[in-house]
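> got a sequence here, can you model it:
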Amino acid sequence: MTVSIVLFDLGRVVLDWEPSRLYDKIFDNTDARDHFLDSVCTMAWHMRHDAGVSFADNADALIADHPEHESEIRAWGRRWMEMFDGYIDGTPDLIERLHARYVPLYALTNMPTETWPLMQQHFGPLLDRFRHVVVSGDLGMVKPDPAIYHHTLEAIGHPDPAAILFIDDSAPNIAAADALGFATHHFTGAAGLEATLAHHGLI
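Numbering: from 1, shown residues only. Alright, predicted model coming up:
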């Protein structure tokens with residue numbers, strides 16, 4: 001089947017999100033920063049935000065185990081936007097080229113509900129190119145759970161998964177989409193994505 005729809009992940013594919021960017025400002029050295037991100041505010045802990053748990057509730061539970069890091073833990077939610085530095089190089093141009101050719105564009109993101117209005121405000125002009133964005137925190141489910149892919153298909157009108165090119169930087173998320181019949185691209189940079197889009201005749 002011909003691919004005619006493009007479904008983007010957002011963080012680290014469209015938006016340049018790196019928690020270390022914030023914690024570089026908080027810790028005096030990279031060893032302390034890395035230890036904190038590896039053992040306290042981990043990606044597994046953050047995934048609870050993506051699944052709909054509030055920043056406050058998730059912080060309280062972690063602070064109970066690490067009271068010495070209360071301010072650093074609360075910074076995750078309070079200083080969320082300091083983790084961002086604009087867009088991933090090259091991706092906005094590809095989105096604009098797709099939009100100019102009237103390719104239907106959608107997004108499926110693991111994202112906390114609380115931050116989404118702020119993200120829309122800050123990154124609005126580019127995010128407006130997407131006809132619909134599925135935000136995990138709104139649903140209480142996260143990639144790579146197959147349920148969120150099924151929800152996405154329903155939300156965008158029940159297309160055949162083979163008609164959709166799904167783009168994500170996470171190998172498990174790509175594997176889940178592959179298993180459901182999506183066309184996929186494991187994102188490592190705009191050049192590789194450009195080649196895939198050209199291969200499918202989308203740009």
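> list the contacts of Phe27.
33, 36, 72 (Cβ atoms under 8 Å, 6 or more residues apart in numbering). Yep, even glycine has a C-beta here, placed from its N, CA and C like the rest.
> format the residues you listed as TSV; extra columns: pLDDT.
Formatted as TSV, those follow (pLDDT from 0 to 100):
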residue	pLDDT
Arg33	98
Phe36	98
Glu72	98
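> which of the residues you listed fall within helices?
Secondary structure from DSSP state H places 33, 36, 72 of the contacts of Phe27 in helices.
> what helix or strand is Asn58 on?
Counting by DSSP states H and E, the element that carries Asn58 is helix 55-65.
> what comes into contact with that helix?
40-41, 45, 48-49, 69-70, 73-74, 76-78, 112, 114.
> can you list the buried residues in that helix?
Within helix 55-65, the residues scored as buried using 16 or more other Cβ atoms under 10 Å are 55, 58-59, 62-63.
> got a ChimeraX select line for the buried ones in the contacts of helix 55-65?
The buried subset of the contacts of helix 55-65, as determined by 16+ other Cβ under 10 Å, is captured in ChimeraX by this line:
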select :40,41,45,48,49,69,73,74,76,77,112,114
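> now, which of the contacts of helix 55-65 sits nearest Thr91?
In terms of Cβ to Cβ, no member of the contacts of helix 55-65 lies closer to Thr91 than Pro112, at 21.4 Å.
> mind checking pLDDT for the closest one?
Here, the pLDDT recorded for Pro112 equals 98.
> tell me which other helices or strands the lowest-mean-pLDDT helix or strand in the chain touches.
Of all helical and strand segments in the chain, the minimum by mean pLDDT, DSSP states H and E falls on helix 116-127, at a mean of 95. Counting contacts by 3 or more Cβ pairs under 8 Å, 6 or more residues apart in numbering; DSSP states H and E, helix 116-127 is packed against strand 84-87.
> next secondary structure after the strand it packs on?
Next along from strand 84-87, by DSSP H and E: helix 91-100.
> quick check: buried residues in that next one?
By neighbour count with 16+ other Cβ under 10 Å, helix 91-100 contains the buried residues 91-92, 94-95, 98-99.
> any chance of those in JSON lines with distance to Phe182 and pLDDT as columns?
Listed next are the buried residues of helix 91-100 as JSON lines, based on distance: Cβ to Cβ, whole Å; pLDDT from 0 to 100:
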{"residue": "Thr91", "distance to Phe182": "19", "pLDDT": "98"}
{"residue": "Pro92", "distance to Phe182": "23", "pLDDT": "98"}
{"residue": "Leu94", "distance to Phe182": "18", "pLDDT": "98"}
{"residue": "Ile95", "distance to Phe182": "19", "pLDDT": "98"}
{"residue": "Leu98", "distance to Phe182": "17", "pLDDT": "98"}
{"residue": "His99", "distance to Phe182": "21", "pLDDT": "98"}
